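> just coords:
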């Protein structure tokens, strides 16, 4: 057997914890997005009782959109930072 096949199959043996740690090391904004999502979900559940006369479905939709927006924003900022670092880190010929 070739070693290339062994290397490619070893990436599939990775469990969820080590995959999350690897992604966090590769991109700093992955844990920031996860933490923001968890914070917004916690806030949404906390304010669920004091939502006033707003319907529950509307409140849940707003919290879901806010949490998804935070994750998309964190991903966009992280990717923008990595692109800028690659652009400025390259030596000009």
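Arrived safely. Computed from a prediction, not measured in an experiment: that's the story for all the values here. Numbers count the residues shown, from 1 in each chain.

> show me what contacts residue 70?
33, 36-37, 40 (CB atoms under 8 Å, 6 or more residues apart in numbering). (Glycine included, C-beta is placed from N, CA and C.)

> ok, it to residue 84 distance?
Distance from residue 70 to residue 84, counting by CB to CB, to the nearest Å: 21 Å.

> please apply the same query to residue 14.
Here the criterion is CB to CB. By it, residue 14 lies 29 Å from residue 84.

> tell me which stretches of the chain form helices.
Secondary structure of the chain, counting by DSSP state H: helices at 3-10, 16-26, 29-46, 56-89.

> deepest of the ones you listed, which one?
Most buried of the helices of the chain by mean neighbour count (mean count of other CB atoms under 10 Å) is helix 29-46; its value is a mean of 15.

> other SSEs contacting it?
Applying 3 or more CB pairs under 8 Å, 6 or more residues apart in numbering; DSSP states H and E, one finds that helix 29-46 contacts helix 16-26, helix 56-89.

> closest one to residue 45 among the ones you listed?
Residue 45 sits nearest to helix 56-89 of all the helices and strands packed on helix 29-46, at 8.2 Å, using CB to CB.

> so what's residue 47 scoring on pLDDT?
Per-residue pLDDT puts residue 47 at 82.

> swap that for residue 92, sorry
pLDDT, residue 92: 63.

> what does residue 70 give?
84.

> distance of it from residue 15?
For residue 70, the distance to residue 15 - CB to CB - is 27 Å.

> please apply the same query to residue 49.
From residue 49 to residue 15 the distance is 37 Å (CB to CB).

> over to residue 69?
Taking CB to CB, one finds residue 69 at 30 Å from residue 15.

> next: residue 35.
Using CB to CB, residue 35 is found at 21 Å from residue 15.

> sorry, back to before: go through the helices of the chain and find the least confident stretch.
Among these, helix 3-10 scores lowest, at a mean of 49.

> re earlier: so which of the contacts of residue 70 is the closest to residue 22?
residue 33 (15.6 Å).

> hmm, the closest one is touching residue 75, no?
Yes. Checked against CB atoms under 8 Å, the pair residue 33 and residue 75 is within contact range at 6.0 Å.
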